[in-house]
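>>> build the 3D model from these lines:
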Amino acid sequence: MSEAEAVPPRKPGAQDMPELSRASGSAVETPVHMGGIRHLLHTYATIAPFIVLVLSVVAFGFIAGNRFFHPFNLSLIIQQVSIIGILAAAQSLVILTAGIDLSVAAIMALCSVVMGTFAVELGVPTLVAIPAGFVLGALCGLINGFLVTTLRLPPFIVTLGTWNIFFALNLWYSGAQSIRSQDIDKLAPALKFFGQRVSFMGAQFTYGSFLMVVMFVVLWYVLNRTAWGRHVHAIGDDKDAAELSGIRTDRMLVSVYAVAGLVCAIGAWAAIGRVGSVSPQSFYEGNLQSITAVVIGGISLFGGRGSIIGPLIGALIVGVFQSGLRLAGVDVLWQVFSIGWLIIIAVAIDQWIRKASA
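Next up, the predicted model:
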């Protein structure tokens, strides 16, 4: 047997890619380009949702006509997503650590009831009632964080349980009764502060809309310019590695859940202004809607990847879809149907992008 026959033919490796690419034309170029796109989306997680938002606005502008682009309608979209956007900001903090918080809406409702009851029914000064709600929100978050870190229970199970606990306490404390708008106007008008509107060139913005934007800007700064924010991302990337590097992961997780609870309490104040009254069942499905905004906004459910600005874009995408489909005369049932597909597609894209770091 000759030496040439004894040596098996060598399979093409990475070093042969240029030759293969030249030989086969565009057959290899497509995977290369797709890999570059995937890496880009992995590095800049808000690009994909931003493109979806722009395309959605353009598409519904054609479908619904000039009514969609009217300044009042565009500002109304922002008003409608303001509370869910704030809840999504709280949810993002937890999901960035590879956890999840199903109790955000229950915390917000409980805090709003406490604020309203203290200020309207018990006669507590508003300047005391509102901070009391903030303290309660942070305390609820601390309970979640304590159960997750001390008892080593999965965040999904813990917050599913506290969601029911907080909601039950909410109904018990309020007697399942709402506080009317007239009573708030008479005894504690400051509770409706974030419901006040500012008009500009046909558009109407509530103070709650501005609060949502401010919340995201503040959290963006904290997550990207402080050690606390870097630790949040580190825990989401790899908790064990973060602990070996000296980060006190349990203490960090408790603080994350506490801050998320505080954000929910701030959202409770804004929700009173948005609804105009205090209802123990307002925004009951806010936990699922907040997760929807986070997922569509490009934050990975596996933690560590994504920008806090993404959920703001995700909430706006949901608002644009709902407004555009409503103006187009689409039934509410099919609006929910479309949002469901958005969630599935967003998770599929997240899985595809995660391979860039594999």
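
>>> just the C-alphas of stretch 287-296, formatted as PDB.
This file holds the C-alpha atoms of stretch 287-296, laid out as PDB (Å, rounded to 0.1, in the frame of the first residue of the first chain):
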ATOM      1  CA  ASN A 287     -47.700  40.100  36.500                       C
ATOM      2  CA  LEU A 288     -48.200  38.200  33.300                       C
ATOM      3  CA  GLN A 289     -48.300  41.400  31.300                       C
ATOM      4  CA  SER A 290     -45.000  42.600  32.900                       C
ATOM      5  CA  ILE A 291     -43.400  39.300  31.900                       C
ATOM      6  CA  THR A 292     -44.700  39.800  28.400                       C
ATOM      7  CA  ALA A 293     -43.100  43.200  28.100                       C
ATOM      8  CA  VAL A 294     -39.800  41.900  29.500                       C
ATOM      9  CA  VAL A 295     -39.700  38.900  27.100                       C
ATOM     10  CA  ILE A 296     -40.600  41.000  24.000                       C
END
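
>>> in it, what counts as buried?
287, 289-296 (16 or more other Cβ atoms under 10 Å). In short, each C-beta sits where N, CA and C put it, glycine included.

>>> again, but for stretch 234-250
234-237, 239, 242, 247, 249-250.

>>> need these in JSON lines with distance to residue 130, pLDDT and secondary structure, can you?
JSON lines is the format used below for the buried residues of stretch 234-250 (distance: Cβ to Cβ, whole Å; pLDDT from 0 to 100; DSSP: H, G, I helix; E, B strand; the rest coil):
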{"residue": "234", "distance to residue 130": "34", "pLDDT": "92", "secondary structure": "helix"}
{"residue": "235", "distance to residue 130": "31", "pLDDT": "93", "secondary structure": "helix"}
{"residue": "236", "distance to residue 130": "32", "pLDDT": "90", "secondary structure": "helix"}
{"residue": "237", "distance to residue 130": "36", "pLDDT": "87", "secondary structure": "helix"}
{"residue": "239", "distance to residue 130": "35", "pLDDT": "89", "secondary structure": "helix"}
{"residue": "242", "distance to residue 130": "35", "pLDDT": "90", "secondary structure": "helix"}
{"residue": "247", "distance to residue 130": "33", "pLDDT": "90", "secondary structure": "coil"}
{"residue": "249", "distance to residue 130": "32", "pLDDT": "92", "secondary structure": "helix"}
{"residue": "250", "distance to residue 130": "31", "pLDDT": "93", "secondary structure": "helix"}
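
>>> just give me the closest of the residues you listed to residue 270.
Nearest to residue 270 among those is residue 236, at 27.0 Å by Cβ to Cβ.

>>> wait, what's in contact with that closest one?
By Cβ atoms under 8 Å, 6 or more residues apart in numbering, the contact set of residue 236 is 96-98, 302-305.

>>> do residue 320 as well
Counting by Cβ under 8 Å, 6+ apart, residue 320 touches 53, 56-57, 60, 77.

>>> just the element for the residue nearest the centre of the chain, please.
The residue lying closest to the centre of the chain (Cα atoms, centre = their mean) is residue 88, at 2.8 Å. Secondary structure assignment for residue 88, by DSSP states H and E: helix 71-95.

>>> other SSEs contacting that helix?
When contacts are defined as 3 or more Cβ pairs under 8 Å, 6 or more residues apart in numbering; DSSP states H and E, helix 71-95 sits against helix 104-116, strand 203-206, helix 207-225, helix 249-275, helix 286-296, helix 309-327.

>>> and it, average pLDDT?
The pLDDT scores in helix 71-95 average 94.

>>> okay, the angle between it and helix 249-275?
160 degrees (axes from the mean of the first three to the mean of the last three Cα atoms, to 10 degrees).

>>> to the chain's geometric centre, what's the distance from helix 71-95?
9 Å (Cα atoms, centre = their mean, to the nearest Å).

>>> quick one on the thing from earlier: which ones are touching the residue nearest to the centre of the chain?
By Cβ under 8 Å, 6+ apart, residue 88 lies in contact with 289-290, 293-294, 297, 311-312, 314-315.

>>> which two of the residues you listed have the greatest separation?
289 and 312 (13.6 Å).

>>> which pLDDT value goes with residue 21?
The model's pLDDT for residue 21 equals 39.

>>> returning to what we had before: for ChimeraX, what selects the buried ones among the contacts of residue 320?
Buried subset of those, written as a ChimeraX selection, criterion 16+ other Cβ under 10 Å:
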select :53,56,57,60,77
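
>>> got the contact list for stretch 101-109?
83, 87, 90-91, 94-95, 137, 140-141, 144, 155-156, 159-160, 162-164, 166-167, 170, 257, 260-261, 264-265, 267-268, 271, 279-287, 290.

>>> filter those to the buried ones?
The neighbour-count criterion (16+ other Cβ under 10 Å) marks 83, 87, 90-91, 94-95, 137, 140-141, 144, 155, 159, 162-163, 166-167, 170, 257, 260-261, 264-265, 267-268, 271, 279-280, 282-283, 286-287, 290 among these as buried.

>>> excluding its backbone neighbours, what's nearest residue 323?
residue 77 (5.1 Å; Cβ to Cβ, 6 or more residues apart in numbering).

>>> does that neighbour touch residue 318 like I think?
No - contact status for residue 77 versus residue 318: not in contact, 9.4 Å apart, counting by Cβ atoms under 8 Å.

>>> where does this protein have low pLDDT?
1-45, 304, 350, 353-358 (pLDDT under 70).

>>> can you do 50?
Scanning the chain for pLDDT under 50 picks out the ranges 1-8, 10-30, 32.

>>> can you give me the neighbour number for the residue lying closest to residue 156 once chain neighbours are set aside?
Nearest residue to residue 156 in three dimensions, chain neighbours excluded: residue 100, at 5.5 Å (Cβ to Cβ, 6+ apart). Close neighbours of residue 100, defined as other Cβ atoms under 10 Å, add up to 21.
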